[in-house]
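A.B. asks: Structure of the sequence below:
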Amino acid sequence: SFSATEDLQNDVEEVKVSFQNKTLALQRIQIMDALRKKLKEDNEDSRLILETMKHIMLLSQRIIEHQQRAHQKEQQLIDMKIKRLLLKNRGQKLQEIQTMRKKQKEKQESVNVTETEKTLKTLQKERATTTIVQYVFQHIIIGSRVNWSEDPSLKAIVLQLEKNVCLQ
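C.D. replies: Purely as a prediction, here's the structure:
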């Protein structure tokens, strides 16, 4: 029932609009016919009507030109807004990329520092181990009671073992 009433109201509105449009069209036709008859009379009124119509045509052309210019300006404004938005988005993307690169660089530096620290610790352990091995060899040679200073090859070994690995 509600839907049927609504449909009928819509139909009534459509008929009213159609009737108004047809009435306006008829009035325009009647005015145009009266103007044609008046223009055929070729008197002062007809000349005024003709001049007024020419003036109306000129004004209509100028209105159309201004509307076209306004449309062009609106389109330029839209284009500028689009470019601005694109630049803004590119700026944000660029900033994101720079931030990401900075984080990667910091992470790489952190990894490098960690690796360097590990390498230094390993180097210190190796030096300590080498120093201990040198002392052991020195004590073996000295404990064997061999006169190492007379044997050139043993002398070279003992002197080499006296050099501290940490100083090299």
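A.B. asks: in which helix or strand would I find residue 76?
C.D. replies: Element membership for residue 76, per DSSP states H and E: helix 44-143.
A.B. asks: quick one: that helix to chain centroid distance?
C.D. replies: Taking Cα atoms, centre = their mean, to the nearest Å, one finds helix 44-143 lying 6 Å from the centre of the chain it belongs to.
A.B. asks: what about residue 137, neighbour count?
C.D. replies: Applying other Cβ atoms under 10 Å, we find 14 residues neighbouring residue 137. C-betas here are computed from N, CA, C, even on glycine.
A.B. asks: these two touch, right, it and residue 161?
C.D. replies: Yes. Contact criterion Cβ atoms under 8 Å: residue 137 and residue 161 qualify, at 5.4 Å.
A.B. asks: Quick check: the gap between residue 93 and residue 104.
C.D. replies: Distance of residue 93 to residue 104, computed by Cβ to Cβ, to the nearest Å: 16 Å.
A.B. asks: ok so, going back, give me the next element, helix or strand, following the helix holding residue 76.
C.D. replies: helix 152-162.
A.B. asks: could you give the angle of that next one to helix 44-143?
C.D. replies: 130 degrees (axes from the mean of the first three to the mean of the last three Cα atoms, to 10 degrees).
A.B. asks: which parts of helix 152-162 are buried?
C.D. replies: The neighbour-count check on helix 152-162 (16 or more other Cβ atoms under 10 Å) flags 158, 161 as buried.
A.B. asks: about what we covered before: against which helices or strands is the helix holding residue 76 packed?
C.D. replies: Here helix 44-143 touches helix 2-40, helix 152-162, going by 3 or more Cβ pairs under 8 Å, 6 or more residues apart in numbering; DSSP states H and E.
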